[in-house]
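Student: Predicted model and sequence follow; I will ask about them next.
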There are 2 protein chains.
Amino acid sequence: MSSQSDHPTLLIPGPIEFDDAVLNSMSHYSESHVGPAFVSVFGEVLSGLRKLFQSTDPAAQPFVISGSGTLGWDIVGANLIEKGEAALVLGTGYFSDGFANALRTYGADVTELKAPVGSRPQLPDIEAALKAKQYKLLTVTHVDTSTGVLSELRSLSELVHRVSPDTLVIVDGVCSVACEEIAFDDWKLDGVVTASQKAIGVPAGLSISFFSGRALRAVENRKTPPAAYYASIQNWLPIMRNYEAKKPSYFATPSPQLVHALHTSLGQILSVPLAERFAKHKAASDKIKAAITSLGLKQVASKPDDQAHAMTAIYLPESIQIAQILPSLGKKNVVFAGGIHKEIATKYIRFGHMGVSILEPERGHVERALKALEESLAEFGYQKA
Amino acid sequence: MSSQSDHPTLLIPGPIEFDDAVLNSMSHYSESHVGPAFVSVFGEVLSGLRKLFQSTDPAAQPFVISGSGTLGWDIVGANLIEKGEAALVLGTGYFSDGFANALRTYGADVTELKAPVGSRPQLPDIEAALKAKQYKLLTVTHVDTSTGVLSELRSLSELVHRVSPDTLVIVDGVCSVACEEIAFDDWKLDGVVTASQKAIGVPAGLSISFFSGRALRAVENRKTPPAAYYASIQNWLPIMRNYEAKKPSYFATPSPQLVHALHTSLGQILSVPLAERFAKHKAASDKIKAAITSLGLKQVASKPDDQAHAMTAIYLPESIQIAQILPSLGKKNVVFAGGIHKEIATKYIRFGHMGVSILEPERGHVERALKALEESLAEFGYQKA
């Protein structure tokens, strides 16, 4: 059980509730960012990320850089695509729109293949798009945190490699890494960008990314210089390689405390087979989604195959407003998030169920949240139809 | 006194030793980044930064963004200058070179006015440069962490406003904010970019910046769109304004734990008159520099007027190598940094003396460091000439 001071249970789709040891690592005493103790910890973090991404390809490379998850979009935009080159963005909601905007900032010629709210672009449409135009890269938001829609990566990547083999397959894994399976090498992915504060279970502040040898060659072979300085793969690549080889080096000062917390969390994550971790998230998700359905509520992600396993986006009954339900849940010490997809933002709420809230069921988070939701709905007069 | 577990005393020019309460804030339980409790803390941080920068101009704006100090260069490069526009970079060492490279990444036409190692460009030369060409902005590295050279901002800014009034005055304050005086409004500065892990006394991971109304108008009046997404002032400005107005809003997830630590540290900093804080750093610096001189050692920053007050870059005796002295100091639990200025990197070491190491003299950091240095020099046969 947690020894943290009493506080409302945070069940939004990130940041999540944290493990005590991870939070304690945040208070690690100050160390030199180029001293042997910290360099060793950073090196182990990078090696650990290879395992988390199920990658053994030495040409692939993990990056850990101070920043929000959003910085990952800049890393892709500033390094993997050049002005005027084409990108195909699979549109699943707010976060795929964000990725598209970030790529446009760097001059990419972006085509958004948008699915209706609550679903994802289908393979035949993606195939047609890939055949109609040559894309430098394709982006897919593995779980769009705005809708709880899960995209299927394996068959998508197979399709891209078959139909448009030169197109890089780039995944926004902010809300999927460490809760949905990602077999980086087997699925022939070229990049996954993510962040610390979701299923990885570390406070926000780290942009974490993983790129294939093919992606790094694309950076090397750019016709124009990288379009950013802090987000430049060229600037960070030697640093990450040195850290992993336990050699000190410097481009910008990392955050030792956040890296320690990531070290602690990765140690916990990798102490159990990943398949078990993913299965636990799926089992809990199935239960939660069944409970939501039995309350008579609908999910934003309409088809079971498209539903993420670490969050649920739930349509409210028409008679109940977000401004009613969230404060009511708050009084019961349960924090959910409001909607964020612009077409339906006022109509739904989001329940994040990942990390310790799932892996330490003795905390009782899920049961408490479902009970609070049922009670709050009843308070506002909701009855199952 | 500190209750942190035993560890070597970190006396590099950042990260520094941290206050216990600040470190404890790093372990704050998880909160929603858009919940009222955290929004209020973030808002107070922004208001506190106005005081730290001695600014009451409502048109000026503080920004706190997850990232390293280096991100500040991208914020300047991607927002305040457009492709082909001219920037005058005052060259003081490794960090002004870095700023120049970051600006070039964004297409700036950069002129570096370089001073000899250990000094800073002189006002008459700067005046001549400003008269020879129209610059969109001038950058000055207030304290170049590579050399310990302090630049004088007030007379520099007066000069720029007199000779080239349309040129924005941009300060790299990574190693100066909270240990050297900066009167943002009075000195008519347009931007200061800094980071959390130096005299502000918070673990690394936050890019902190402060821009004038004039600088923000320059962003508004760009002919081309901002050249970055994550580092875009346009994307962050409404968010920072909302946080300060205690209204939730979202562009990218901030790091609640780092922001809490900054809140704690700013509370401590602002509880004492800033003039007193700066005077204490100066008094300690004077003592340290006198001790270095009495050991017969020379500083990289040769003239007293050019010497920073929170770090000292010290030339080693010719007979002693960095690879000897740093491990020897380490055995005495004192961590100094090696050289980083490429022309002299192997010849000097750096001693950071800021934050709790100065403000809590009962920790005995400075005395211990000076004693360790004297002993280590003696171990390698050094005798004052």
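Tutor: Received the coordinates, thanks. Numbering: from 1, shown residues only, chains lettered A, B, ... in the order given.
Student: which residues touch A:H161?
Tutor: By C-beta atoms under 8 Å, 6 or more residues apart in numbering or on different chains, the residues touching A:H161 are A:169, A:188. Every residue, glycine included, has its C-beta placed from N, CA and C.
Student: Could I get the CA-only coordinates of the helix or strand harbouring it as PDB?
Tutor: A:H161 belongs to helix A:153-163 when assigned by DSSP states H and E. Presented in PDB, the C-alpha positions along helix A:153-163 are these (Å, rounded to 0.1, in the frame of the first residue of the first chain):
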ATOM      1  CA  LEU A 153       0.100  -1.300 -35.100                       C
ATOM      2  CA  ARG A 154       1.200  -4.700 -36.300                       C
ATOM      3  CA  SER A 155      -1.100  -5.000 -39.400                       C
ATOM      4  CA  LEU A 156      -0.700  -1.300 -40.100                       C
ATOM      5  CA  SER A 157       3.100  -1.600 -40.200                       C
ATOM      6  CA  GLU A 158       2.800  -4.700 -42.400                       C
ATOM      7  CA  LEU A 159       0.600  -2.800 -44.800                       C
ATOM      8  CA  VAL A 160       3.000   0.200 -44.900                       C
ATOM      9  CA  HIS A 161       6.000  -2.100 -45.500                       C
ATOM     10  CA  ARG A 162       4.200  -3.900 -48.300                       C
ATOM     11  CA  VAL A 163       2.600  -1.000 -50.100                       C
END
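Student: Show the average pLDDT along it.
Tutor: Averaging pLDDT along helix A:153-163 gives 98.
Student: cool, stretch A:302-312 as well?
Tutor: Here the average pLDDT along stretch A:302-312 is 97.
Student: how about the CA coordinates for it, as PDB?
Tutor: C-alpha atoms of stretch A:302-312 as PDB (Å, rounded to 0.1, in the frame of the first residue of the first chain):
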ATOM      1  CA  SER A 302     -17.500   2.500 -30.200                       C
ATOM      2  CA  LYS A 303     -16.000  -0.900 -31.300                       C
ATOM      3  CA  PRO A 304     -14.400  -3.200 -28.800                       C
ATOM      4  CA  ASP A 305     -11.400  -3.800 -31.100                       C
ATOM      5  CA  ASP A 306     -10.700   0.000 -31.100                       C
ATOM      6  CA  GLN A 307     -10.800   0.400 -27.300                       C
ATOM      7  CA  ALA A 308      -7.700   1.200 -25.400                       C
ATOM      8  CA  HIS A 309      -6.900  -0.900 -22.300                       C
ATOM      9  CA  ALA A 310      -5.600   1.800 -20.000                       C
ATOM     10  CA  MET A 311      -8.300   4.400 -20.300                       C
ATOM     11  CA  THR A 312     -12.000   4.700 -21.100                       C
END
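Student: how far does the helix holding A:H161 sit from the chain's center?
Tutor: 20 Å (C-alpha atoms, centre = their mean, to the nearest Å).
Student: do the helix or strand that that helix is followed by and chain B meet at all?
Tutor: For helix A:153-163, the following helix or strand on the C-terminal side (DSSP H and E) is strand A:168-172. No. Strand A:168-172 lies out of reach of chain B by C-beta under 8 Å from any C-beta of the partner chain, never closer than 13.0 Å.
Student: by contact count, what packs against strand A:168-172?
Tutor: helix A:71-79, helix A:94-105, strand A:137-141, helix A:153-163, strand A:191-195, helix A:213-220 (3 or more C-beta pairs under 8 Å, 6 or more residues apart in numbering or on different chains; DSSP states H and E).
Student: Make CSV from the ones you listed and add distance to B:S209 to it.
Tutor: Below are those laid out as CSV (distance: least, C-beta to C-beta, whole Å):
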stretch, distance to B:S209
helix A:71-79, 16
helix A:94-105, 19
strand A:137-141, 29
helix A:153-163, 37
strand A:191-195, 22
helix A:213-220, 28
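Student: Brilliant, that's me finished.
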